[in-house]
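S.K.: coordinates only, sequence not included:
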């Protein structure tokens, strides 16, 4: 039976409109499936389920202290190291559907459903889930880890210890770019007029620029005050998306590095708002925290593309 005809149950979820198809690999196996091809099929918004990619919710790797493992693929089939909106939905599913092992995820207050550990390609991240009025998880706060700022580790082909306001001409325009990794690479460009940015044209030019050997997620941002900014995203492997959680973290970090934003700010994305915090820490080593909603849309059975 070919990959296109593989049958499995799925759940569609989104974090501020950054939507993925989630597969519970605790109860079913996708061993032997061409996962990049499957991600392309299910992500197709005309002939598939429609999403920004595919995320597997699986048992943690042997020897890893975590409650669940998150494995993600972009809409073009490429492997993604991390998804800030996706991890919130992974936590929601794990709590709502009882995937936490006995004794794990104890609530710390009436509003908190559980605290859990999620294994990702960026490492094990701590997550706190908050209940809504229906008793199910509605909002999630994620310890995203410390930002990676050294260019060769992001990676970006530039020397030095940080890439802050580096001048670059792309598409006939000059920009000042700041680069950050949140386990995946981001370039942040602050502009005075976000509406004037031709994202469909500029996004691909930045994503595949020779400076970025593993390609890059691209974010244009307009600052309104020290505690508020609006951003638009061209996501590596997916194109224009309604939201990017790791990208919002990168924008806040870049805003702090450029002295444009405070360490606690609200980021407005096309799909909704995220609160991002980056406490003081020695040499930028403090974790970034991201808080936002997680929403289940529907569940179904995939029987292959037509």
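M.R.: Structure received. Bear in mind the structure is a predicted one, so any value in this text is a computation, not a measurement. Numbers count the residues shown, from 1 in each chain.

S.K.: mind checking how far residue 206 is from residue 169?
M.R.: For residue 206, the distance to residue 169 equals 12 Å [Cβ to Cβ, to the nearest Å]. All C-beta spots, glycine's among them, are computed from the backbone N, C-alpha and C.

S.K.: looking at those two, which is more packed in?
M.R.: Between residue 206 and residue 169, counted using other Cβ atoms under 10 Å, residue 206 has the larger neighbour count: 25 against 8.

S.K.: this protein: helices as residue ranges?
M.R.: 35-43, 84-96, 199-207, 245-257 (DSSP state H).

S.K.: adding mean pLDDT and distance to residue 273, write those out as JSON lines.
M.R.: Converted to JSON lines, the helices of the chain look like this (pLDDT from 0 to 100; distance: least, Cβ to Cβ, whole Å):
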{"stretch": "helix 35-43", "mean pLDDT": "96", "distance to residue 273": "25"}
{"stretch": "helix 84-96", "mean pLDDT": "96", "distance to residue 273": "12"}
{"stretch": "helix 199-207", "mean pLDDT": "98", "distance to residue 273": "19"}
{"stretch": "helix 245-257", "mean pLDDT": "97", "distance to residue 273": "9"}
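
S.K.: quick one: contacts for residue 296?
M.R.: Taking Cβ atoms under 8 Å, 6 or more residues apart in numbering as the criterion, residue 296 is in contact with 11, 12, 13, 89, 92, 93, 96.

S.K.: so which of the residues you listed wins on neighbours?
M.R.: Neighbour counts for those were taken using other Cβ under 10 Å; the highest belongs to residue 89, which has 29 neighbours.

S.K.: residue 231 versus that residue, what's the distance?
M.R.: Going from residue 89 to residue 231 by Cβ to Cβ gives 20 Å.

S.K.: okay if I get the helices of the chain as a markdown table plus distance to residue 278?
M.R.: Converted to a markdown table, those look like this (distance: least, Cβ to Cβ, whole Å):
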| stretch | distance to residue 278 |
| --- | --- |
| helix 35-43 | 31 |
| helix 84-96 | 14 |
| helix 199-207 | 23 |
| helix 245-257 | 6 |
